[in-house]
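1. Need coordinates for the below:
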Amino acid sequence: MIFGTHDANTLEQYEDVSSRAVKAALMADGHLGYVMPIGGVAAYDNLVSVVGVGFDIACGNAAIRTNLRVEDFERAEWEGIADTIFDEISFGLKQGQLNRAHDAPTDHPVLSDERWGWLPTDRGTRDSLRDHARNQLGTTGSGNHYVDVFGDEAGVVWVGVHFGSRGFGHKIASGFLALSQGLEWGKRAPEQETLLSLDPHLSELGPLYWGLMELAGDYAYAGREWVARKVVDILGGDELEIVHNNHNFSWKENHGGQDLVVVRKGATPAFPGQRGFVGGSMGDDSVILQGSPTCTPTQQAALYSTVHGAGRVMSRTAARGKWKKGVCKKAGAVSPEAMQSWIEERGVILRGADLDEAPQAYRRLPDVLAAQGDTVEVLHTLTPKVVCMAPRVTW
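-> Numbering: from 1, shown residues only. Model prediction:
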């Protein structure tokens, strides 16, 4: 089942994945990825796809509804809040190597999980990776990862975050990709389809990967919840509810009476009544949605999935062009002035963020949600007040 419209390369990737899957679907925010398109969903018979789950294992979104109201904050206060978030949360590749906060969750229970011992490498590498993961827990990374503060249609303040399992998840993905191709852990392997059997009688790698993928999921959840709750504290509010989902992950599910392994790469689970937080671009509204309570044929064809964001319409390089030490060597499709104008017109207070994440590089979220038809219902529309992303590097 294909939702929305897509370029030929994305459709070609989808058809290739579909040829190996029992069932497949492509969400309306889909675009080209590594082997499997972003926005793709594929169901397998007791197999899991390493590149399908992807390198940012358990990337996902979390949103917290607070007891605060937008009307209680002046513009100057929002500016100060943006500065505090940008100062206290670690963003980007450089800062994100270490959670600088005094209350960083370095003793979180996920770091003591027995599955760390499952890593198929020597103890020194395992200990080094866990130490690195400890330092990165609660950091947000770069790219399209963010920390936002919103107001909903009733004026209630929400906090939303988007990021995954950081370097830990990437090491798991690249490590198992290498092992599946007969290479040693840590060796660079081509990004090609790798389907691992979850039957322990057929594969040792499959069950190991599955357990470590789930550990990366627990790690990502811990990091997102720590960041979101810290921002609620910065705002001086209380948490009333949390909506939390992975969208680069795999689950064991039953579809049409058949037990399947479902891989969602940039797609949000949306079973009937299941809530999700889906972000727009930095200058657009986001939403809290749910899978339609009535189980429609379209929902079944979507494998109970929906979009994870607005979806890119141009690559990062096409959007930002080429820069060196703050000097534009080749202009991209989006200028700093155009990006700033978009943000200012909507009254968004922005910290960080680069041209490759400009709103012009994305579809509009209402359009992709409309293309999903009757599969989901929007519960809340979240208008951004503050957006914080990795520091810009181009200008």
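2. Where is the longest helix in this protein?
-> Using DSSP state H to define each element, the chain has its longest helix at helix 205-235.
3. Distance from stretch 151-166 to the middle of the chain?
-> Remark: stretch 151-166 is offset 13 Å from the chain centroid, using Cα atoms, centre = their mean, to the nearest Å.
4. Can you give me the first-to-last residue distance of that stretch?
-> The first and final residues of stretch 151-166 sit 28 Å from each other (Cα to Cα, to the nearest Å).
5. Buried ones in it, by neighbour count?
-> Across stretch 151-166, burial judged by 16 or more other Cβ atoms under 10 Å covers 151-152, 156-166. Yep, even glycine has a C-beta here, placed from its N, CA and C like the rest.
6. which residues of the stretch 151-300 of the chain score low on pLDDT?
-> Within the stretch 151-300 of the chain, not a single segment meets pLDDT under 70.
7. which residues of it fall in strands?
-> 156-163, 195-197, 239-246, 248-255, 258-265, 267-269, 275-278, 286-291 (DSSP state E, counting those that start in this stretch).
8. Ile2: which of those strands is closest?
-> When the strands of the stretch 151-300 of the chain are compared by Cβ to Cβ, strand 267-269 sits nearest Ile2, at 12.7 Å.
9. Tell me which residues are up against that closest one.
-> Strand 267-269 is contacted from outside by 25, 27, 39-41, 61, 245-247, 251, 276, 278, 291, 304-308, using Cβ atoms under 8 Å, 6 or more residues apart in numbering.
10. Mind doing that once more with 7 Å?
-> For strand 267-269, the external contacting residues (Cβ atoms under 7 Å, 6 or more residues apart in numbering) are 27, 39-41, 245, 247, 276, 278, 304-308.
11. longest single strand anywhere in the chain?
-> strand 376-389 (DSSP state E).
12. so what does it touch, helix or strand wise?
-> Counting contacts by 3 or more Cβ pairs under 7 Å, 6 or more residues apart in numbering; DSSP states H and E, strand 376-389 packs against helix 75-88, strand 146-151, strand 286-291, strand 349-351.
13. Need the winner for burial among these.
-> Highest mean neighbour count of the helices and strands packed on strand 376-389: strand 146-151, a mean of 24 (counted as mean count of other Cβ atoms under 10 Å).
14. so what's Val368 up against?
-> Contacts for Val368 (Cβ under 7 Å, 6+ apart) come out as Gly4, Ala28, Asp29, Val307, Ala310, Gly311.
15. Most neighbours of all these, which one?
-> Neighbour counts for those, by other Cβ atoms under 10 Å, peak at Val307, which reaches 31 neighbours.
16. ok, it - contacts?
-> Contacts for Val307 (Cβ under 7 Å, 6+ apart) come out as Met27, Ala28, Asp29, Gly39, Thr268, Val278, Val368, Leu369, Gln372.
17. Excluding chain neighbours, what is closest to it?
-> Computed as Cβ to Cβ, 6 or more residues apart in numbering, the closest residue to Val307 that is not its neighbour in sequence is Asp29, at 4.1 Å.
18. Just the CA trace of the strand or helix carrying the one you found, in CSV.
-> Assigned by DSSP states H and E, Asp29 falls within strand 23-31. Taking C-alpha atoms only, strand 23-31 is exported to CSV below (Å, rounded to 0.1, in the frame of the first residue of the first chain):
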residue,chain,number,x,y,z
LYS,A,23,3.6,-7.4,3.3
ALA,A,24,4.8,-3.8,2.9
ALA,A,25,3.6,-0.2,2.9
LEU,A,26,5.0,3.3,2.2
MET,A,27,3.8,6.3,4.2
ALA,A,28,3.1,9.7,2.7
ASP,A,29,6.3,11.3,4.1
GLY,A,30,8.5,8.7,2.4
HIS,A,31,11.8,9.5,0.7
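19. what's the following helix or strand after it?
-> Sequence-wise, the next helix or strand downstream of strand 23-31 (DSSP H and E) is strand 38-44.
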